[in-house]
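Visitor: My questions are about this predicted structure, shown below with the sequence.
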Amino acid sequence: MILIKTPFRISLVGGGTDFPEFFEKNGYGAVVSGAIDKYMYIVIHKYFHDKIRVKYSKTEDVDSSEQLEHPIARECLQMMKLSSGVEIASLADVPAGLGLGSSSSFTVALLHALHAFTGTYIAKDRLAGMACDVEINRLGEPIGKQDQYAASFGGLNYIRFAKGGLVSVESLMINTETIAELKRRLLVFHIGRPRFARDILTEQRENLVQPKGFELAQRLAQLADEARDAIRDGSLERVGDILDRGWQLKKDLASNISDPEIDAIYARGLEAGASGGKLLGAGRGGFMLFYCEPQFQRRLREALELRELHFEWDREGSKVIHAE
C-alpha cells in the first residue's frame with residue numbers, strides 16, 4: 001500500500017500570468033505562491049480483482065481505466081499505462097472547489113502515487129509537468145500552471161513561466177524568521193460561498209489575448225516580481241499593498257471574479273486594519289486572504305465574523321508517507 005500526502009496552496013500574486021496564452025507572448029509570467037499544511041491524501045494498493053476501483057465522492061468499479069468517469073483518474077492511469085488491478089482512494093483536509101488548488105493537488109498526488117506503486121522515482125519538476133499535461137493538454141481545463149508546481153515542490157516560492165514552457169521555482173524560504181513573520185500576518189477566511197471556477201477561468205483566459213487583459217497581466221507579473229523582492233529583502237510592510245494592487249487588477253481580468261458582497265467583505269477587512277488581500281483561486285467564493293499587522297488582527301476577526309483557516313507553511317511538497 002502507498003500513501004501520498006500533497007499540499008494545497010495559497011497564491012499571493014501573479015495568478016493569470018501562468019497561462020501559456022500570456023507568458024508565451026509576454027516572454028514570461030510569474031507568481032508568488034505558498035504551499036500550506038492542508039493536504040490531499042491518496043491511498044493506492046493492488047486490487048484483489050483484475051479491475052480498477054476508484055473511491056472519491058462516489059465509488060467506481062470498472063474493468064479498465066478507459067471506463068472511469070473521473071476524468072483526472074482516467075487520464076493519469078492511461079498516462080501510466082495502468083489498466084487494471086489497482087484500487088485508489090482519496091481524502092482531503094479541505095473540500096474541493098474553495099480556491100486552494102485542490103484539483104492540481106489531486107492530480108499531483110495521484111501521479112506521485114502511481115509512480116510509487118510501479119516502483120518509479122519521479123523528480124518534483126517532472127511530476128508538476130506531468131500534472132500540467134494531464135489537466136491542461138489532455139483534459140483541456142482552462143487553468144494555468146502554478147498550482148501543479150506549488151503542490152509538487154511545497155514551500156513559499158517565486159515561480160516563473162518562461163517562453164517555450166520552461167518553469168523555474170525559486171524558494172523564498174531562505175530566512176526562517178522572515179517567513180514566520182509573513183505567515184503571522186496572513187489570515188485566511190472562508191466566505192462560505194460556492195465557486196464557479198471554470199466559467200471565470202475561461203473568460204479570464206480569453207481576455208488575456210485582448211490588449212486590456214494582456215496589459216493587466218503584465219502588471220500582475222511585475223507585482224509578483226515586487227512581492228519576491230519584498231519577501232527576499234524582509235520588507236514585509238510592502239506585501240499588503242502589493243496584494244491590494246494585485247486584487248484590484250485581478251478583478252478586471254474577468255467580469256465575475258468579484259461582486260458587491262465580496263467587495264463589501266474586502267472593504268470591512270481594510271477598515272478593520274488589513275492593508276491588503278485577495279480572493280484565493282479563480283474568484284466569486286471560497287477563501288479570502290488578508291495581510292494584517294498583529295495589533296489589528298483581533299479587530300479584523302471581529303469585523304468579519306467568518307470562519308478562519310489556520311495554517312502553517314508546508315516545506316516538503318508532495319511526498320510518500322507510507323509504502324509497504
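Guide: Arrived safely. Numbering: from 1, shown residues only.
Visitor: which stretches of the stretch 101-250 of the chain have low pLDDT?
Guide: 193-201, 207 (pLDDT under 70).
Visitor: all helices for it, in order.
Guide: Here the stretch 101-250 of the chain has its helices, by DSSP state H, counting those that start in this stretch, at 102-117, 124-132, 146-153, 176-184, 197-208, 211-233, 237-250.
Visitor: tell me the angle of the shortest one relative to helix 211-233?
Guide: Okay, so that is helix 146-153. With axes from the mean of the first three to the mean of the last three Cα atoms, to 10 degrees applied, the angle from helix 146-153 to helix 211-233 works out at 30 degrees.
Visitor: What angle do helix 124-132 and helix 146-153 make with each other?
Guide: Going by the same axes, to 10 degrees, helix 146-153 makes 140 degrees with helix 124-132.
Visitor: other SSEs contacting helix 146-153?
Guide: Where contact means 3 or more Cβ pairs under 8 Å, 6 or more residues apart in numbering; DSSP states H and E, helix 146-153 is packed against strand 2-13, strand 28-46, helix 102-117, helix 124-132, strand 156-162, strand 167-171. Backbone N, C-alpha and C define where each C-beta goes, glycine included.
Visitor: ok, residues contacting that helix?
Guide: The contact list for helix 146-153, computed with Cβ atoms under 8 Å, 6 or more residues apart in numbering, reads 6-9, 11, 14-15, 18, 31, 33-35, 40, 101, 103-105, 107-109, 124-125, 127-129, 131-132, 135, 157, 159, 161, 167, 169, 317-318.
Visitor: So among those residues, which ones count as buried?
Guide: Neighbour counting by 16 or more other Cβ atoms under 10 Å classes 6-9, 11, 14-15, 18, 31, 33-35, 40, 101, 103-105, 107-109, 124, 127-129, 131-132, 135, 157, 159, 161, 167, 169, 317-318 among those as buried.
Visitor: ok, now how distant is the residue nearest to residue 9 when sequence neighbours are not counted from residue 294?
Guide: Spatial nearest neighbour of residue 9, excluding adjacent residues (Cβ to Cβ, 6 or more residues apart in numbering): residue 150 at 3.9 Å. For residue 150, the distance to residue 294 equals 26 Å [Cβ to Cβ, to the nearest Å].
Visitor: More neighbours: which of those two?
Guide: Using other Cβ atoms under 10 Å as the criterion, residue 150 and residue 294 rank with residue 150 on top: 32 against 10.
Visitor: residues near the closest residue to residue 245 other than its chain neighbours, how many?
Guide: Spatially, and ignoring its direct neighbours in sequence, residue 245 is nearest to residue 223 (6.0 Å; Cβ to Cβ, 6+ apart). Neighbour count for residue 223, taken as other Cβ under 10 Å: 24.
Visitor: who wins for proximity to residue 70 among the helices and strands packed on helix 146-153?
Guide: helix 102-117 (9.6 Å; Cβ to Cβ).
Visitor: by how many degrees do that closest one and strand 28-46 diverge?
Guide: Helix 102-117 runs at 50 degrees relative to strand 28-46, counting by the same axes, to 10 degrees.
Visitor: which one of the helices of the stretch 101-250 of the chain is the most hemmed in?
Guide: Counting by mean count of other Cβ atoms under 10 Å, helix 146-153 has the highest mean neighbour count of the helices of the stretch 101-250 of the chain, with a mean of 30.
Visitor: So what angle separates the directions of that one and strand 156-162?
Guide: Using the same axes, to 10 degrees: helix 146-153 against strand 156-162 is 130 degrees.
Visitor: Of all the helices of the stretch 101-250 of the chain, which one comes closest to residue 139?
Guide: For residue 139, the closest of the helices of the stretch 101-250 of the chain is helix 102-117, at 9.3 Å, according to Cβ to Cβ.
Visitor: Determine how far the closest one lies from the middle of the whole chain.
Guide: 14 Å (Cα atoms, centre = their mean, to the nearest Å).
Visitor: Quick one: list the elements packing against it.
Guide: Using 3+ Cβ pairs under 8 Å, 6+ apart: helix 102-117 touches strand 2-13, strand 28-46, helix 71-79, strand 86-92, helix 124-132, helix 146-153, strand 319-323.
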